[in-house]
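>>> Below: sequence and its predicted model.
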Amino acid sequence: MNPLCGRCNRVVYPTEKVNCLDKYWHKGCFSCETCKMTLNMKNYKGFEKRPYCNAHYPKTNFTCVADTPENLRLKQQSKMQSHVLYKEEFEKNKGKGYSVVSDTPEMQRIKKTQDHISNIKYHEEFEKSRMGGGEAHPHQPQQPSNTPSAAYQPSAAPQNYHYEPAPEPVREPVREPVRQAAAAPPPASSGGKRYRAVYDYTAADEDEVSFVDGDVIVDVQQIDEGWMYGRVERTGQQGMLPANYVEAV
């Protein structure tokens with residue numbers, strides 16, 4: 001027995017039957033509930049087992065929840081639980097140190113620069129302390145108290161080394177590969193084949209030739225996989241042309 005249509009409640013025959021949304025529809029009855037636009041299986045959207053188009057598909061809106069005492073209590077309880085979990089995670093991870101930073105070339109350069117700066121500052125402070133009256137440097141061990149000051153030899157003081165940061169390596173500009181223009185047609189020949197243009201092409205260089213879809217190119221000579229050399233039969237111009245813009249005839 002043939003089923004009934006979900007919209008007009010009439011018998012749906014197999015030749016015009018559309019099975020969708022757990023119902024059977026006539027092809028003409030399967031339309032949007034709002035604008036009555038006829039739909040198909042690719043552009044419909046179902047809502048409560050009713051078809052809608054993309055523009056009139058019902059959008060669900062969220063309802064506002066009142067701040068009742070029960071809701072406030074649950075909110076406060078959830079907040080306390082989140083604080084407890086955060087404290088537990090903090091206690092577990094405390095003392096584990098920081099994450100390891102990847103040793104990239106940029107990080108190595110920054111680390112090397114910082115080492116040079118720290119060495120320069122160290123020797124500047126040491127020079128100031130030595131010139132200022134023999135004040136002990138925080139990084140230099142002090143002499144014992146039973147050693148007389150006259151025994152101190154200035155020549156025994158460490159030499160003053162001056163460190164200069166290593167120069168940055170000179171980076172050469174990256175050169176893009178340039179297509180070399182053919183001074184003369186290469187010897188490789190296509191054996192007298194004729195080619196027909198399948199796209200329009202506008203010459204981008206002096207040694208290239210322009211053509212439109214349908215032009216016939218003769219005297220074609222293959223240069224490489226991407227370029228050919230030939231003559232446009234319509235205009236008589238010769239030059240290089242892209243091989244993927246033409247096809248053999």
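Structure received. Numbers count the residues shown, from 1 in each chain.

>>> who's in contact with the closest residue to Gly239 other than its chain neighbours?
Using Cβ to Cβ, 6 or more residues apart in numbering and skipping the chain neighbours, the partner closest in space to Gly239 is Val209 (3.3 Å). Where C-beta positions appear, they are placed from N, C-alpha and C, glycine not excepted. By Cβ atoms under 8 Å, 6 or more residues apart in numbering, Val209 lies in contact with 203, 230-232, 237-241.

>>> Distance of Val209 relative to Gly226?
15 Å (Cβ to Cβ, to the nearest Å).

>>> try Gln237
From Gln237 to Gly226 the distance is 20 Å (Cβ to Cβ).

>>> In terms of neighbours, single out the busier of those two.
When Gln237 is set against Gly226 and neighbours are counted by other Cβ atoms under 10 Å, the residue ahead is Gln237, at 14 against 9.

>>> Could you check how far the more buried one is from Val209?
Separation of Gln237 from Val209 (Cβ to Cβ): 5 Å.

>>> Would you mind listing the residues touching both of those two?
Shared contacts of Gln237 and Val209 (Cβ under 8 Å, 6+ apart): Arg231.

>>> Check the burial of Thr104 by counting its neighbours.
Thr104: 9 neighbours (other Cβ under 10 Å).

>>> Need the pLDDT of it.
The model reports Thr104 with a pLDDT of 79.

>>> How about Gln143?
Gln143 is given a pLDDT of 50.

>>> Domain ranges for this structure, per the record?
Following automatic domain parsing, the chain resolves into domains at 1-59, 195-248.

>>> how long is the first one end to end?
Right, domain 1-59. This stretch, domain 1-59, spans 38 Å end to end (Cα to Cα, to the nearest Å).

>>> For Ser31, grab phi and psi.
Taking degrees, to the nearest 10, you get phi -140, psi 170 for the backbone angles of Ser31.

>>> hey, what's it bridged with?
For Ser31, the beta-bridge partners are Thr38 (DSSP bridges).

>>> and it, how many residues sit next to it?
For Ser31, the count of nearby residues is 19 (other Cβ under 10 Å).

>>> remind me, longest helix of the protein?
helix 105-131 (DSSP state H).

>>> Give me the buried positions along that helix.
Residues of helix 105-131 classed as buried: 126, 130 (neighbour count, 16 or more other Cβ atoms under 10 Å).

>>> Next secondary structure element downstream of it?
Following helix 105-131 in sequence order, the next helix or strand is strand 195-197 (DSSP states H and E).

>>> Against which helices or strands is that next one packed?
Applying 3 or more Cβ pairs under 8 Å, 6 or more residues apart in numbering; DSSP states H and E, one finds that strand 195-197 makes contact with strand 216-222, strand 246-248.

>>> And the average pLDDT for it is what?
Averaging pLDDT along strand 195-197 gives 92.

>>> Next, the buried residues of it.
195, 197.

>>> and for that strand, what are the contacting residues?
Contacts for strand 195-197 (Cβ under 8 Å, 6+ apart): 211-218, 220, 228, 230, 245-249.

>>> try 7 Å
Strand 195-197 has contacts (Cβ atoms under 7 Å, 6 or more residues apart in numbering) with 211-217, 220, 230, 245-249.

>>> In this structure, where is pLDDT below threshold?
Along the chain, segments meeting pLDDT under 70 span 60-66, 95-102, 132-192.

>>> Recalculate using a threshold of 50.
134-139, 141, 144-145, 147-152, 154-157, 176-190 (pLDDT under 50).

>>> possible to save the helices and strands packed on strand 195-197 as JSON lines with distance to Gln76 and mean neighbour count?
Formatted as JSON lines, the helices and strands packed on strand 195-197 follow (distance: least, Cβ to Cβ, whole Å; neighbours: other Cβ atoms under 10 Å):
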{"stretch": "strand 216-222", "distance to Gln76": "80", "mean neighbour count": "17"}
{"stretch": "strand 246-248", "distance to Gln76": "75", "mean neighbour count": "14"}
